[in-house]
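1. Just a sequence and a predicted model for now, questions to come.
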Amino acid sequence: MRVLFVSSGNTKDGISPIIKNQGESLKQEGTNLEYFTIKGGGVKGYLKSIFKLREHLKNNSYDVIHAHYWLSAIVTSLAGAKPMVVSLMGDDVKAKAWFRWIIYFFHHLSWSKTIVKSQDMYNSFGQKDVAIIPNGVDMNRFKPIDKEIAIKETGWDITKKHILFTSNPKRIEKNFKLAQDAFNLLKDENLELHYLIDIPNEKIPYYYNSASVVILTSLWEGSPNAIKEAMACNIPIVSTNVGDVEDVLSKTEGCYISSFDYKEFASKIKKALNFGERTTGREDIVHLKSKTIAKKIIDIYKEI
């Protein structure tokens, strides 16, 4: 089966690591997969890509075209791609209402199958003919690493405990203020708060394994990979109840769900710190490993 992945290529590393990891897992299951990235910011960049993609599709034959995120999916539709699978990733159905109306239009007009990442996204999307398939996690890359080895890579202070905020604080939906307010309330000189900006994807496992606690304070998510990656490293976690987080970590001792109240969030961080050991996260999410998710996606391709 020959498949084309279509997505934005405007990140520092080009294609998003989440999408690249999924593509590589499909290749490992025997899918002949290629990437087409949309480059150039704003409406102008996406409009130019319609014609480039249309030309690419004229010169190449695919069994399935799989677009990721709503803007890429609309470009793919306007380029005349068929049959199409579309993965909505979170913001697509959690943002403004007029976004959703545009998505509904194309969902019914030209998408053969739409995938959302969690039951929460499914409920927000409000369409019945949608598949729920979360992002998988590469268990070969994200795994427990000795803390001393990990901290040598990150350069953090080995004499202190570390809280890892899993994103760029400037992204509004990631709600860094909650993380900062909770951290400030703890008033512990032996604690440090870190966040991730422009860290190469291959280095991320060292950051998880250097952390005493991984936190996620997002206002909304689809199926946040950071949670599953931290689980695969057996690290304690505190998170707001967004996307599929509760389903992923609620049964794992040392991992906690919090409201958006910074006092409660700080209290849950204390609990995670006091847990003081590795969790059983890895064995608790074995059903979300990349290989298993790849097979579910391939079933969708066969279906259409």
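-> Yes, it's here.
2. helices and strands around the helix or strand of the chain with the lowest mean pLDDT, which ones?
-> Least confident helix or strand of the chain, by mean pLDDT, DSSP states H and E, is helix 91-94 with a mean of 73. Applying 3 or more CB pairs under 8 Å, 6 or more residues apart in numbering; DSSP states H and E, one finds that helix 91-94 contacts helix 97-109, helix 119-125. From N, CA and C alone the C-beta is placed, and that goes for glycine too.
3. which other residues reach the first one?
-> Which is helix 97-109. Contacting residues not belonging to helix 97-109 are listed as 70, 73-74, 77, 86, 88, 92-93, 114, 125, 127 [CB atoms under 8 Å, 6 or more residues apart in numbering].
4. and that helix, how far from the chain's centre?
-> Mean-position distance between helix 97-109 and its chain equals 22 Å (CA atoms, centre = their mean, to the nearest Å).
5. how about the CA coordinates for the next helix or strand after it, as CSV?
-> Later in the chain than helix 97-109, the nearest helix or strand by DSSP states H and E is strand 113-116. Backbone C-alpha positions of strand 113-116 (Å, rounded to 0.1, in the frame of the first residue of the first chain) are rendered in CSV as follows:
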residue,chain,number,x,y,z
LYS,A,113,-12.4,9.0,7.1
THR,A,114,-11.7,11.4,10.0
ILE,A,115,-9.7,10.4,13.0
VAL,A,116,-9.8,12.2,16.4
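6. got the helices and strands packed on helix 91-94 as a markdown table, with mean neighbour count and distance to Glu229 columns?
-> As requested, these are arranged in a markdown table below (neighbours: other CB atoms under 10 Å; distance: least, CB to CB, whole Å):
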| stretch | mean neighbour count | distance to Glu229 |
| --- | --- | --- |
| helix 97-109 | 14 | 27 |
| helix 119-125 | 18 | 19 |
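7. so what are the domain limits for the protein?
-> Dividing the chain into domains by automatic domain parsing, as the record does, gives the ranges 2-136+289-303, 147-287.
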